[in-house]
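Chemist: coords please:
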Amino acid sequence: MDYELDVDPALAAAVLEIEGHHARAGWDQPARLYALVDTARLVAQEPALAAQLGLDEPAAQGSLTPVEQEDLPAGQQLEEVLPGIHWPAVVAGCAAVVERLVLPPAADGQVPDDPAAAAEFAREHPDAEEVRIIAGVTRHGASYCALRMRSQDEDMAVMGGNDLVPGLLELLRATLLDDAEDETDE
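Modeler: Below you'll find the predicted structure:
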């Protein structure tokens, strides 16, 4: 796995924890969304839940706990759902898990504009690659991504980096903005 020097270790650990969880669940899973909460705060505010999760005070310092969000709308891509999501201040960050079919750079300019035709083109392309992407961001501006290719489905082949999927990271960042920040950006 590649490591970058400016990685937020708590965020990277949370993203990799989520990646490991989904690796054990296997492929062909629906998209998932996680709130990332400060573990020390969770331990202090919800001690019974923290105990149930096996969290303790010393391990809690400086870490993030992923909390899966259960009720995502069916029939929509996660990227379509994210613009309607705004997290409360208690959420320190968020992460998303999506499986996608990616094409090599040589396919640029060949993909049809029509979304249905583009999807069919990607499914039939001989060099298409299935990937699982886990992207996470924090309110402090940190980002981290993990990417696993189906053709190299082993832990040692997972790639990591701060900006592997910029479009998804931007969508996730927007969910963390409060209303005052939204208004000043307009």
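
Chemist: Helices of the chain, start to end?
Modeler: With DSSP state H, the ranges of helices along the chain come out as 9-25, 39-45, 47-52, 57-60, 78-81, 115-124, 166-175, 179-185.

Chemist: can you redo these as JSON lines with mean pLDDT?
Modeler: Rendered in JSON lines, the data for the helices of the chain read as follows (pLDDT from 0 to 100):
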{"stretch": "helix 9-25", "mean pLDDT": "95"}
{"stretch": "helix 39-45", "mean pLDDT": "81"}
{"stretch": "helix 47-52", "mean pLDDT": "74"}
{"stretch": "helix 57-60", "mean pLDDT": "53"}
{"stretch": "helix 78-81", "mean pLDDT": "92"}
{"stretch": "helix 115-124", "mean pLDDT": "84"}
{"stretch": "helix 166-175", "mean pLDDT": "96"}
{"stretch": "helix 179-185", "mean pLDDT": "46"}
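
Chemist: what's the closest of those to residue 160?
Modeler: The closest of the helices of the chain to residue 160 is helix 9-25. By Cβ to Cβ, the value is 6.9 Å. The way it works is simple: take the backbone N, C-alpha and C, and place the C-beta from them, glycine included.

Chemist: what comes up buried for the closest one?
Modeler: When burial is assessed from 16 or more other Cβ atoms under 10 Å, helix 9-25 yields the following buried residues: 10-19, 22-23.

Chemist: Which pLDDT value goes with the residue sitting furthest away from the middle of the chain?
Modeler: Note on the chain: the largest C-alpha distance from the chain mean falls to residue 110, namely 28.2 Å (Cα atoms, centre = their mean). On the pLDDT scale, residue 110 is placed at 85.

Chemist: which non-adjacent residue is nearest it?
Modeler: Leaving out its chain neighbours, the residue that sits closest to residue 110 by Cβ to Cβ, 6 or more residues apart in numbering is residue 121, at 7.4 Å.

Chemist: any idea how far that neighbour is from residue 111?
Modeler: With distances taken as Cβ to Cβ, to the nearest Å, residue 121 is found 6 Å from residue 111.

Chemist: Kindly report the same for residue 21.
Modeler: Using Cβ to Cβ, which is the criterion applied here, residue 21 is 32 Å from residue 111.

Chemist: and residue 34, bridged to which residues?
Modeler: In this structure, residue 34 has the following beta-bridge partners (DSSP bridges): residue 68, residue 95.

Chemist: Can you give me the neighbour number for it?
Modeler: Number of residues near residue 34 (other Cβ atoms under 10 Å) recorded here: 24.

Chemist: Can you check the pLDDT for it?
Modeler: Here the pLDDT value assigned to residue 34 is 97.

Chemist: Quick check: it touching residue 96?
Modeler: Yes: taking contacts as Cβ atoms under 8 Å, residue 34 lies within contact range of residue 96: 7.4 Å.
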